[in-house]
Structures are given as C-alpha cells and as structure tokens.
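In: okay, sequence plus prediction incoming.
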Amino acid sequence: MASDDINDETRISWKYACSRGVVGTPTFFINGVVTSANSAWSLDDWKSVIDPILASNEKVSSQIKDCPPSQKECDYAPHKTQCCLAGERCIPNVGCRCFNLKNGNKCA
C-alpha cells in the first residue's frame, strides 16, 4: 500500500475482525455479538431484535468524566470507559490497546 498509515489501519482492522470471528462479509454484530442476520433483513426484522435491547438499557453516566488532554476517551462497552494513552487505540468490547506495527506493538 502506498501509505504506511493506511497499511497499518488496514492490518489493525483485519486483525480485529479475525479476533471477533468474522469470516466473510457481510457479518452483522449487535453489541459485539454476531447475529444470524443477513442482508435481506427488513427494517422490521432489525427492529424486532434491537428494540428489546434498547428498552432494557438504562442510561448510566460514564465512570470517567474527563480524560487528561493527552489521552483519548474510550467508551469500549456499555457503562465502561477508559482513557487511552498515546499510541493506544480504542477497541470495542476490549478497551485501550497498543497497536504500533512500526515499533513491535510497543507504545511509546
């Protein structure tokens, strides 16, 4: 790839997809869980799955109100927040993790 940044982003996305069990496209997730959905699902099909989930959730404030200016807020799961350090990425259902392919995955 022409750009190292694009190459890194693509590799990170691919590794993350593999770690979540994605074996093809399209793959549909709801709250990090693979669904049996397919591209033929109608709006009503989606609503029948999503509406009960939304109804059962209540709004709870984040555990962390503000991250320091040098850190990025990571809402990685419902009601779970971390402050990512320099070089870390926010990974859904995991939290802050270091992905620096040029430095052997060492954040610095």
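Out: All right, it came through fine. Residues are numbered from 1 along each chain as shown.
In: what are the buried residues along stretch 11-27?
Out: Residues of stretch 11-27 classed as buried by neighbour count (16 or more other CB atoms under 10 Å): 12, 16, 20. Heads up, the C-betas are built off the backbone N, CA and C, glycines and all.
In: can you tell me the strand partners of the lowest-mean-pLDDT helix or strand in the chain and which way each runs?
Out: When each helix and strand of the chain is scored by mean pLDDT, DSSP states H and E, strand 33-34 comes last, with a mean of 82. Sheet pairing of strand 33-34 (DSSP bridges) gives strand 29-30 (antiparallel).
In: which is the next helix or strand following the least confident helix or strand of the chain?
Out: Note on strand 33-34: by DSSP states H and E, the next helix or strand toward the C-terminus is helix 43-56.
In: packing partners of that following helix?
Out: strand 29-30 (3 or more CB pairs under 8 Å, 6 or more residues apart in numbering; DSSP states H and E).
In: what's in contact with the strand it packs on?
Out: 20, 35, 49-50, 53 (CB atoms under 8 Å, 6 or more residues apart in numbering).
In: ok, of those residues, which come out buried?
Out: The buried subset of these (16+ other CB under 10 Å) comprises Arg20.
In: shouldn't Cys83 be in contact with Tyr76?
Out: No. Counting by CB atoms under 8 Å, Cys83 stays clear of Tyr76, with 11.2 Å between them.
In: anything in contact with each of the two?
Out: Residues touching both Cys83 and Tyr76 (CB under 8 Å, 6+ apart) are Cys96.
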